[in-house]
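Participant: Have a look at this prediction, sequence included:
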Number of protein chains: 2
Amino acid sequence: MNELDLVARIRKMAGSASGHRARGVALGIGHDCAVFRPRAGQDLLLKTDQLIEGVHFPSDMPAPAVGERALARALSDIAAMGGEPRCCLIALTIPQSKSGKWAEDFFKGLLRLAKRSQTVLAGGDLARGDKVYCAVMVCGVVARGKGGRGPDARVKALRRDGARPGDMLYVSGRLGKPHPGEPGCRPIRPRLELGRSLLGRATACMDLSDGLALDLHRLCLESGVAAEVDRVPVEPGASTERALHGGEDYELLFTLPAGQKAPRGVTRIGTIVSGEAGGVLFQGRKLVPKGWNHFAPQS
Amino acid sequence: MNELDLVARIRKMAGSASGHRARGVALGIGHDCAVFRPRAGQDLLLKTDQLIEGVHFPSDMPAPAVGERALARALSDIAAMGGEPRCCLIALTIPQSKSGKWAEDFFKGLLRLAKRSQTVLAGGDLARGDKVYCAVMVCGVVARGKGGRGPDARVKALRRDGARPGDMLYVSGRLGKPHPGEPGCRPIRPRLELGRSLLGRATACMDLSDGLALDLHRLCLESGVAAEVDRVPVEPGASTERALHGGEDYELLFTLPAGQKAPRGVTRIGTIVSGEAGGVLFQGRKLVPKGWNHFAPQS
């Protein structure tokens, strides 16, 4: 398939220009850049995330599922800051072994989630390479204004730096989900509604993409605190080890001040305590932040 | 190198938070998303671009040059719309064969250009894979307001859709530059000043990344016009064929109404004419838009 033809098809699938303008996208696919027109009183959230064949998904994963997952991972970060997605740009490399049809199906899957989450596909870049490589960039919005504690309280968006000793620690959903290619793997459901409901309430929040152990370590580091975890909600069929270090959960990890009522359907897993910044105890024992560390030596 | 250590080093290299805030970046590296605080009266430009080992640069290209080139390509698109860069996010995959030092050097090169162009490194994503793969996302700003002709005149940013018969066609610099790995290859100098000077003057503009023949075809398609090219400014040592189809120029291609004075240092190469949309003649003969078409069958 010719690149110009493929771009023309994707552009058609991406929807109407008037629908795009309603989401702030003044100019979409077809120019050197997309043009986004921000509204007064809003801050923008910018995120980029990668999905790589053989690293994050197996080669035989159906193209629509790959496209959906690529976008879902980035939307999960918008959720973690309490934002609403507005538009995305997709950098996609495709090997010669995949057809133009594969690329079209990738965008079909991606656009299904884009429409459900009202995220406009506003641009991107296509290339040929050895493997499927996708980098998604998402732009979201969040109300402007001060919020929470810490040096970054000039933004209302949920952050990692406001957890304080005495805060209660929560996660959404269950942890230790099957990875792509494993039996029972399901599409990611970015926790956009939950994230928005936590704006102005949670003292810290992030999404779980590298395993609870590593991500909680990061949250505690940024907040300058430690944490004690008593229990975790484990995905049926998963081990506790997997729930702690598995790394494909895309749930929200957040803290609320003591006494603050939690949203429905989340689980309290522990408490923020004072101590060495980044230190985490699980049932009284030190939890090593190993998780999904791409830069650790691979064994 | 551990990912957390590498991120900490990059964060340190990226500069001070107060300097970032002056460019609109309210929150940078260290959270799930970067937070950008737009000013009233500005539209945002969003762009993503890929740089892949073995496709866009040879494996032995020095890391700082790879980093600089990755950012420069995306800045060239901001220039093409008449914008000013504000921040970037970098998705980088590194093979085991490259050290943590390689990654650090990549960011050193990238940050040299980032500082020169006042582009804040506001976030990103690191992963391990088979090859170096980099996707750069840039956010720029441009004055809000109506501009030029065509259905997209609700934005002032330079676009591809406003060229009309009678307009004069220009390029900056010389075409047919050596590609990475070839003798004489030089860093890309994104034409940011030229792009800004064309705001409100050029009727259409884009950057040359896939060769004059293919890119002019695209510009004419978007504007619904044809073009006649009389001459091209050829890079010393390059053939005319290379100047027409080479594809690593990162110069600006733009149109001005007849009689409008051109900026210094650009070359008039032809004229916009009526005719089949996208049709281009070079010295009276049809110019085939072959250029750097990643999706054409590779011969």
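Facilitator: Cool, got the structure. Numbers count the residues shown, from 1 in each chain, chains lettered A, B, ... in the order given.
Participant: From chain B, how far out is A:Val266?
Facilitator: Noted for A:Val266: a distance of 18 Å to chain B, by Cβ to the nearest Cβ, to the nearest Å. For every residue, glycine as well, the C-beta is placed using N, CA and C.
Participant: Can you report how many residues neighbour that residue?
Facilitator: Residues contacting A:Val266 under the criterion other Cβ atoms under 10 Å in any protein chain shown number 19.
Participant: How about residues contacting the helix or strand containing A:Ile269?
Facilitator: Taking DSSP states H and E as the definition, A:Ile269 sits inside strand A:266-273. Strand A:266-273 is touched from outside by A:163-172, A:194, A:220, A:223, A:225-233, A:252, A:255, A:262, with contacts defined as Cβ atoms under 8 Å, 6 or more residues apart in numbering or on different chains.
Participant: The residue of the stretch 101-250 of chain A found nearest chain B pairs with what?
Facilitator: Of all residues in the stretch 101-250 of chain A, A:Ala135 sits closest to chain B, with a separation of 3.2 Å (Cβ to the nearest Cβ). Beta-bridge partners recorded for A:Ala135 (DSSP bridges): A:Gln50, A:Ala91.
Participant: who touches it in this structure?
Facilitator: Neighbour list for A:Ala135: A:Thr48, A:Asp49, A:Gln50, A:Leu51, A:Ile90, A:Ala91, B:Thr48, B:Gln50, B:Ala91, B:Asp125, B:Ala135, B:Met137 [criterion: Cβ under 8 Å, 6+ apart].
Participant: now the helices for the stretch 101-250 of chain A?
Facilitator: Per DSSP state H, counting those that start in this stretch, the stretch 101-250 of chain A carries helices over the ranges A:192-198, A:212-223, A:240-245.
Participant: Next secondary structure element downstream of the shortest one?
Facilitator: Counting by DSSP H and E, the element after helix A:240-245 in chain order, helix or strand, is strand A:252-256.
Participant: That following strand and chain B in contact?
Facilitator: No: under the criterion of Cβ under 8 Å from any Cβ of the partner chain, chain B is not reached by strand A:252-256; the shortest gap measures 9.9 Å.
Participant: Check the separation of the first and last residues in stretch A:269-281.
Facilitator: With Cα to Cα, to the nearest Å as the measure, stretch A:269-281 spans 12 Å from end to end.
Participant: and what of stretch A:270-286?
Facilitator: In stretch A:270-286, first residue to last residue: 14 Å (Cα to Cα).
Participant: now stretch A:136-152
Facilitator: Criterion Cα to Cα; first-to-last residue distance in stretch A:136-152 is 26 Å.
Participant: Spatially central residue for chain A, please.
Facilitator: Among the residues of chain A, A:Ser76 comes closest to the average C-alpha position under Cα atoms, centre = their mean, at 2.6 Å.
Participant: by contact count, what packs against the helix or strand hosting that one?
Facilitator: Using DSSP H and E, the element containing A:Ser76 is helix A:63-80. Taking 3 or more Cβ pairs under 8 Å, 6 or more residues apart in numbering or on different chains; DSSP states H and E as the contact definition, the neighbouring helices and strands of helix A:63-80 are strand A:42-52, strand A:84-94, helix A:100-116, strand A:133-143, helix A:192-198, strand A:204-207.
Participant: what bits of the stretch 151-299 of chain A have low per-residue confidence?
Facilitator: Across the stretch 151-299 of chain A, the stretches falling below the confidence threshold (pLDDT under 70) are A:291-299.
Participant: low-scoring stretches of the stretch 1-150 of chain A, by residue?
Facilitator: Along the stretch 1-150 of chain A, the parts satisfying pLDDT under 70 run over A:1.
Participant: quick check: domain ranges of chain A?
Facilitator: By the record's domain assignment, chain A is partitioned as A:3-143, A:168-286 (automatic domain parsing).
Participant: could you dump these to CSV with distance to B:Gly19?
Facilitator: Formatted as CSV, the entries for the domains of chain A read as follows, by distance: least, Cβ to Cβ, whole Å:
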stretch, distance to B:Gly19
domain A:3-143, 18
domain A:168-286, 20
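Participant: Deepest in the core, which of these is it.
Facilitator: Mean neighbour counts were compared across the domains of chain A using mean count of other Cβ atoms under 10 Å in any protein chain shown; the top stretch is domain A:3-143, at a mean of 21.
Participant: Now the terminal residues of that domain, how far apart.
Facilitator: 38 Å.
Participant: Export the helices of the stretch 101-250 of chain A to a markdown table and append columns for distance to B:Glu241.
Facilitator: Below are the helices of the stretch 101-250 of chain A laid out as a markdown table (distance: least, Cβ to Cβ, whole Å):
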| stretch | distance to B:Glu241 |
| --- | --- |
| helix A:192-198 | 51 |
| helix A:212-223 | 53 |
| helix A:240-245 | 56 |
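Participant: closest to A:Leu158 out of those helices?
Facilitator: helix A:192-198 (6.0 Å; Cβ to Cβ).
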